[in-house]
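Novice: Sequence plus predicted model, see below.
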Amino acid sequence: MNIDRRLWLLCGAGAASGTGLGLSFAADGWGWLAWFALVPLLIALRRASVWQAFAAGFGGGLVAAVTTFGWLSMVPAFGGPQFIALGSYVALYLACWCAGVALIARQCRSVLVFAPLLWVALEFVRNHAGFLALPIASLGQSQQAYPAVLQIAALGGEASVTWLVVLGNCAIAALFEHRAWRAALAAGATIAVACGAGVMVLRADESRDRITVAAVQPNIGLHERDTAAGRQAVWQRLEQLTLSAAAQARPELIVWPEGAVGDPRHDAELAGRLAALAAAAKTTLIVGSSETEKFVVAGDAGTVVRERDAYNSAYLVQAGAPIGEPYRKRRLMPFGEYIPLDGLVSWPRWLVPPVAQGRPGAQDADFHLARPLPLRLGVVICWENLFADLSRDAARGGAHVLLQMTNDAWFGPGRAATQHNAASVLRAVENGVPLVLASNAGPSLLIDAQGRIVARTASQFALETTVAQVTPRRGLTLYTRFGDWFATLCCTVALGGCLVPRRRKDRFVPSTTVAIA
């Protein structure tokens, strides 16, 4: 094939795959596109060199980043330089995958076997890359509207769902390229068995020992709490919504969103109001708090300096009980809540604007819901839901229900909240734990232990509550017990497939040969 024509084919395939990947997160129910998005690239890589494959993947990754994360343009501090940096970083992973697929093919290994493993391995690296970790918009999360597909996550975590989706893409590409019916049928049978087992799990009886929970969506403006009048208006709104939810269904637990109120441990009036509201509603409240804590340090020449630590916290409020220790957000957002490597790296201001430095918490929540049989509550705040280890730690620690507080109002209406919430569906399935998601601007969700959304608010940026019954966790899933064993296995096998040469009896291998199946 002419080199120019091949390059155009690769560029077009990259753009098509990138667009498909991005559109699979465009709205609920569009996840089916993820099962076909990689097919153009897989076909076009058939005669590509490793560097050509890398370039095609990088271009496709840029398209995917723009299509997926276009909502970041709503953030005032996020401009062109930041988007170029983020897009290039995200694109590197697709570029490495394409290069790996080309390398695997040139070694005459089965792309159908190794390409899904390599994708999972690279996604695992992206999810655990320190302050560069970006565990959002994975192929597994694109399936959040299809509970039957998701049930395999209780065994191998989000990575196992991602593996299924990439396997489906490779099977389709194999049919187009070599009509490899046997390999494609084997892959299809694997996917069918996984989904069939998921259907059986969804049909299991969930009627026993349910609890009624509610999420409050107050739609607090970004700067509404900056003034006394604004804070009073916010309180009246929270109070009205809470009492309305209590009167509607008498929930045992009502959850407020991230940063809904100030610091009840250092504001006696606020603490009294919260206790009185819990008594009036006859329920337990979990409230999001913007907490500050004073501390004293020694300054120059023996002077004393009073400073404040800022925490993003959650408090449990019960009538007749004092305000206890809060849960403090443990994993802060880099470049949003803190500056990574501060003091070691001089980040340019045009790329990294200054931000208020937050402080991380140190331990899991120790919240309990008083019932005939006490239930333990696990808490994650905002983007902590993206990190599977935090929810898994809560489940291993005995959490029967997960609570997530978030505020996605910064990103305006659109796909940001939908993409963010998709990870919460996976966290519920992975650990077999229902999840209450209270969002400031919505949508707020009540998710059962199988990842089904049993209740949700109708719209974004509206004053609403949502109430439903969920079944607390029954036992530990395989994923909760053993964690990322599947992703670790994929990393090991994929690394071997890329780096260990395959020994062949025949010495001659045509340069255009690619083993898709």
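Specialist: Looks like it arrived, so ask away. Numbering: from 1, shown residues only.
Novice: average model confidence for the helix or strand encompassing residue 212?
Specialist: Residue 212 is part of strand 211-217, with elements assigned from DSSP states H and E. Here strand 211-217 scores 96 as its mean pLDDT.
Novice: That strand pairs with which strands, and in what direction?
Specialist: strand 253-255 (parallel), strand 464-470 (antiparallel) (DSSP bridges).
Novice: residues of that strand that come out buried?
Specialist: 211-217 (16 or more other C-beta atoms under 10 Å). C-beta here means a position set from N, CA and C on the backbone, and glycine is covered the same way.
Novice: Quick check: the two most widely separated of those?
Specialist: Farthest-apart pair in the buried residues of strand 211-217 is 211 and 217; separation 20.0 Å (C-beta to C-beta).
Novice: Residues touching stretch 155-164, excluding its own?
Specialist: Stretch 155-164 is contacted from outside by 116-117, 119-120, 123-124, 138-141, 143, 149-150, 152-153, 190-191, 194, 388, 423, 426, 430, 477-479, 483-487, 490, using C-beta atoms under 8 Å, 6 or more residues apart in numbering.
Novice: Show the backbone phi and psi for residue 416.
Specialist: Dihedral pair for residue 416: phi -60, psi -50, per degrees, to the nearest 10.
Novice: Distance of it relative to residue 317?
Specialist: 29 Å (C-beta to C-beta, to the nearest Å).
Novice: Domain-wise, how is this protein divided?
Specialist: What automatic domain parsing lists as the domains of the chain is 3-203+482-499, 211-291+313-339+358-471.
Novice: Can you say which of the ones you listed is nearest to residue 348?
Specialist: Proximity to residue 348 (C-beta to C-beta) singles out domain 3-203+482-499 among the domains of the chain, at 8.7 Å.
Novice: quick one, what contacts the nearest residue to residue 358 once chain neighbours are set aside?
Specialist: If the residues on either side of it in the chain are set aside, residue 358 comes closest to residue 337, at 4.2 Å by C-beta to C-beta, 6 or more residues apart in numbering. Applying C-beta under 8 Å, 6+ apart, we find residue 337 in contact with 312, 355-358.
Novice: Just the buried residues from those residues, in PyMOL please.
Specialist: Per 16+ other C-beta under 10 Å, the buried members of the contacts of residue 337 correspond to this PyMOL selection:
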select buried, resi 312+358
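Novice: Put together JSON lines for the contacts of residue 337, with pLDDT on each row.
Specialist: Below are these laid out as JSON lines (pLDDT from 0 to 100):
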{"residue": "312", "pLDDT": "93"}
{"residue": "355", "pLDDT": "83"}
{"residue": "356", "pLDDT": "79"}
{"residue": "357", "pLDDT": "81"}
{"residue": "358", "pLDDT": "86"}
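Novice: Closest one of the contacts of residue 337 to residue 76?
Specialist: residue 355 (12.2 Å).
Novice: Verify the stated contact: the closest one with residue 342.
Specialist: No - counting by C-beta atoms under 8 Å, residue 355 stays clear of residue 342, with 10.1 Å between them.
Novice: Am I right that residue 102 is in a strand?
Specialist: No - secondary structure of residue 102 (DSSP: H, G, I helix; E, B strand; the rest coil): helix, not part of a strand.
Novice: Okay, and residue 358 sits in which element?
Specialist: Counting by DSSP H and E, no helix or strand carries residue 358.
Novice: what's the distance between it and residue 292?
Specialist: Taking C-beta to C-beta, one finds residue 358 at 10 Å from residue 292.
Novice: which among the contacts of stretch 155-164 end up buried?
Specialist: Using 16+ other C-beta under 10 Å, the buried members of these are 116-117, 119-120, 123-124, 138-141, 143, 149-150, 152-153, 191, 194, 388, 423, 426, 430, 477, 479, 483-487, 490.
Novice: ok, residue 317 touching residue 283?
Specialist: No - taking C-beta under 8 Å as the definition, residue 317 is not a contact partner of residue 283, at 9.5 Å.
Novice: out of the strands paired with strand 211-217, deepest packed?
Specialist: Each of those was assessed for mean neighbour count using mean count of other C-beta atoms under 10 Å. The highest is strand 253-255, with a mean of 26.
Novice: ok, residues contacting stretch 66-86?
Specialist: Contact partners of stretch 66-86, identified using C-beta under 8 Å, 6+ apart, comprise 18-19, 21-23, 25-26, 65, 87, 90, 137, 350-351, 353, 410-412, 414-416, 419.
Novice: residues near residue 463, how many?
Specialist: 15 (other C-beta atoms under 10 Å).
Novice: nope, residue 51 is what I meant
Specialist: 10.
Novice: quick one: which helix or strand includes the nearest residue to residue 96 once chain neighbours are set aside?
Specialist: The spatial neighbour of residue 96 that comes closest, neighbours along the chain excluded (C-beta to C-beta, 6+ apart), is residue 122 at 5.8 Å. Following DSSP H and E, the helix or strand that holds residue 122 is helix 111-127.
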